[in-house]
Structure formats: C-alpha cells, structure tokens
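Visitor: Model the following, please.
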Amino acid sequence: MTDLFQPVQLGALTLANRIIMAPLTRCRADADHVPTAIMAEHYAQRASAGLIVAEATMVAEGNSAFWREPGIYSEAQIAGWKQVTDAVHAKGGRIFLQIWHGGRACHPALNNGAIPVSASAIAIDDTVHTPEGKLPYATPRALEDAEIPAIIEHFRQAAVNAKAAGFDGVEVHGANGYLLDQFLRDGSNKREGAYGGSLANRARLLLEVIQAVVGVWGSDRVGVRISPLNSYNSMLDSDPVGLTRYVASALNSLNLAYLHLMRADFMGVQHADVVTAAREVYQGNLIGNMGYQHDEAQAAVASGQLQAVAIGALFIANPDLVARLQQGAPLAQPDPSTFYTQDAKGYTDYPALSN
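Guide: Presented below is the predicted three-dimensional model:
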C-alpha cells in the first residue's frame, strides 16, 4: 500500500516522501525584497520535506502586498535566493519557487503610491498592514487587455530568474485572491472581452501564464496552485466545483508536475467537495492542501485520490515534521504572533526532536 513516506514522481522530480511544505509568506526578506540569510537557514531546516514550495514571490517590482515579501526580479534577489536553494540542496532537499502577482492585494503605501491593478475595479473589503499602520485596501484599476502581455512576460521572466537562482522548478500562484485568481473567479472578474465573462475567458490569463512558464522550464518542472473555495481577500465564485473541473481539465494537456488544490476556505464561508471534482477529471499528480491530519492524508494517498499532501502551519513549528509524523511524535504548535515579524523568533528557533 502506498503511504506518505514512500517516494513519488512529480514530473521530473523523484521526491523522497509525499509530504510537501506548502508556501508560507513569512516577511523575512529585506526592505528591497531580497531574500536573507535567515531565510536560507529556515528552509534548510525543513529540507526533509518531499518538496518545499517557497513563499509567494513577486514577479515584478512595485507589486508588494506584504511589505517584506521576497521578489525574483533583480540580480540581488536572484543571488539571495541562490543562497536559499544551495542551503536546501546541501541538505538533500528539493525546492520550487512560487511565483506571484498580488493584483488588488497590493497597496499604494507599499508601492510608492502606485494604484494596484486587477481584473475589475473592485477593492478588497479589509485592511492591510503597511509602514503607516493598518489601512483599507485601495480600489484597483482594471487592467486593459493590451497590458496583459506584459503581466505574462513578468511571470515568464520570473521563471527564467528562478532557474538562475537554482530552484528545481516553479509553482504558479493562482490562488488566495491574488491577480491570477482575481481573473479566474467571477466574484472579482466583472470585465468584458477576451479575459472576462465565460469561464474559458476568466481562466485564459492563468493558462497563458502557465504556458509561458512551461516554455522556460518544461512542463515537468511546473506546478500550479488554485483555491476555488477560499474567500480570503474578499473572493467568491458562483460555481467553485465547475471552476475546479474546468481548470483541472484544461491542465491535462499541459502535463504539469502537479496541480496543488486548496480544498477549503480560510474564512469558513464556502463549502464544497472540490477534491473529488478535481480527481474525477484531472489525469496528473494532485496535491491536496488545508487541514490534512496524518490519518486522512494517509488514506487519501493510499486510495490514489492524492499523490501528495501539502502541509503549511505545522511546518512552521516542526522543522522535522516528516520525522515526527513517521514516528508518531508530538507536534509543536506555531505562534501566530511571529508569523509576519522580521527576526529569528518563531522562524528558525523551533527545535527538532533531536535537539
């Protein structure tokens, strides 16, 4: 019987186990969005994951949504990430970079006053942390169709830069209410034309970005993450199951390394079985994410519903999470007050079992 601790082939990579470290924004880059030495230490500590998916990383300057998140558009950032990938590889790990555009989640106070862009001119109904304190999100301007090729090029160049930084592949961030998701779901995409209206049109930008990235890496080193149910960042879709089926089916011809599916809603608003919907149509490797405990994850892998399971918060407090799960050892709980701070506390100071 297949279990969580057996190897799995995801595209070009043979992973030592089926426990994936989900991308986790932690805001430990410097003020110029350059990855830091502490980030290299953090990821190296967690290299026993079958695959690490590094945090959401800006594909272009001027699109900050978190203040101290990393980028992959400058030479300094490439060099900073190279320290991370070298450290992970030295421990025998594998690491993908999640490439990302925040869209309307970006804020003028984080971007020298620049107005954010989105599918439509609809603001997130919430506040964001900035150097000026908490501020309401700004109303974005709708991207013109003529501007969209430049967005796609940002992702393509980010993929080129990720290769230069030594990553094993990239994950396209199509989830959690950021730009690609803003186009994908009908609650945020009210535009007309080639990128609005029908599901095929709303999915167009995501698929064009993936195709551009595949042109850099090859399909077997590219994954994509979607969150059809997640209402975080004021997101909603009228038919999340239909959206899941459409995207999963459209991805079949691309032969990607994996589809990374967030199965639930951070906010507890929307509920549906998107995992079954994806599995019924998707022919490739499916990674499930959100709330999986050991027994449920084991059952999903054993049945073939999932090829791997991505775990987020528990990897924060348990750098040796794979060993702890395998041994049935106690799991430490993370401290949310340190999730988005800038130092080692709550980042690199969680001990492994042997320490």
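Visitor: what's the helix or strand bottoming out on mean pLDDT in the chain in contact with?
Guide: In the chain, no helix or strand scores lower on mean pLDDT, DSSP states H and E than strand 127-130, which sits at a mean of 90. By C-beta atoms under 8 Å, 6 or more residues apart in numbering, the residues outside strand 127-130 that reach it are 65, 66, 67, 105, 107, 109, 110, 134, 135, 136, 137, 340. For the C-beta atoms, the positions are set from N, CA and C on the backbone; glycine is no exception.
Visitor: what about 6 Å?
Guide: For strand 127-130, contacts defined as C-beta atoms under 6 Å, 6 or more residues apart in numbering pick out 107, 109, 110, 134, 136, 137.
Visitor: residue boundaries of the helices in the chain?
Guide: 37-45, 75-90, 148-164, 179-184, 199-202, 204-217, 240-251, 274-281, 294-303, 313-317, 321-327 (DSSP state H).
Visitor: For the third one, buried residues please.
Guide: Using 16 or more other C-beta atoms under 10 Å as the test for burial, helix 148-164 gives 148, 151-152, 154-163.
Visitor: Excluding sequence neighbours, find me the nearest residue to residue 267.
Guide: residue 231 (4.5 Å; C-beta to C-beta, 6 or more residues apart in numbering).
Visitor: Quick check, the one you found in contact with residue 266.
Guide: No: Residue 231 lies out of contact with residue 266 (C-beta atoms under 6 Å); the separation is 7.3 Å.
Visitor: quick revisit: could you turn the buried ones of the contacts of strand 127-130 into a ChimeraX selection?
Guide: Remark: buried members of the contacts of strand 127-130, expressed as a ChimeraX selection using 16+ other C-beta under 10 Å:
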select :107,109,110,137
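Visitor: Closest one to residue 53 out of the contacts of strand 127-130, please.
Guide: residue 110 (23.4 Å; C-beta to C-beta).
Visitor: How many residues are close by the nearest residue to that closest one once chain neighbours are set aside?
Guide: Leaving aside its chain neighbours, residue 110 sits nearest to residue 64 (4.2 Å; criterion: C-beta to C-beta, 6+ apart). For residue 64, the neighbour count with other C-beta atoms under 10 Å is 22.
Visitor: Now do residue 64, the pLDDT please.
Guide: pLDDT for residue 64: 97.
Visitor: Tell me how far residue 303 lies from residue 290.
Guide: Distance, residue 303 to residue 290, using C-beta to C-beta, to the nearest Å: 18 Å.
Visitor: Pick the most deeply packed of the helices of the chain.
Guide: helix 179-184 (a mean of 28; mean count of other C-beta atoms under 10 Å).
Visitor: Packing partners of it?
Guide: helix 204-217 (3 or more C-beta pairs under 6 Å, 6 or more residues apart in numbering; DSSP states H and E).
Visitor: C-alpha coordinates for the helix it packs on, PDB please?
Guide: The C-alpha trace of helix 204-217 is given here as PDB (Å, rounded to 0.1, in the frame of the first residue of the first chain):
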ATOM      1  CA  ARG A 204      -7.400  32.400 -20.000                       C
ATOM      2  CA  LEU A 205      -4.800  34.500 -18.100                       C
ATOM      3  CA  LEU A 206      -3.900  31.700 -15.700                       C
ATOM      4  CA  LEU A 207      -3.400  29.300 -18.600                       C
ATOM      5  CA  GLU A 208      -1.400  31.700 -20.700                       C
ATOM      6  CA  VAL A 209       0.900  32.400 -17.700                       C
ATOM      7  CA  ILE A 210       1.400  28.700 -17.200                       C
ATOM      8  CA  GLN A 211       2.200  28.100 -20.900                       C
ATOM      9  CA  ALA A 212       4.800  30.900 -20.800                       C
ATOM     10  CA  VAL A 213       6.400  29.400 -17.700                       C
ATOM     11  CA  VAL A 214       6.400  26.000 -19.200                       C
ATOM     12  CA  GLY A 215       8.300  27.500 -22.100                       C
ATOM     13  CA  VAL A 216      11.100  28.300 -19.700                       C
ATOM     14  CA  TRP A 217      11.100  25.200 -17.500                       C
END
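Visitor: quick revisit: what residues sit buried inside the least confident helix or strand of the chain?
Guide: Neighbour-count burial for strand 127-130 flags 128, 130 (criterion: 16+ other C-beta under 10 Å).
Visitor: i'd like the first residue to be 855 from this point on
Guide: Shifting the count to begin at 855 puts that one at strand 981-984.
Visitor: Lovely, talk soon.
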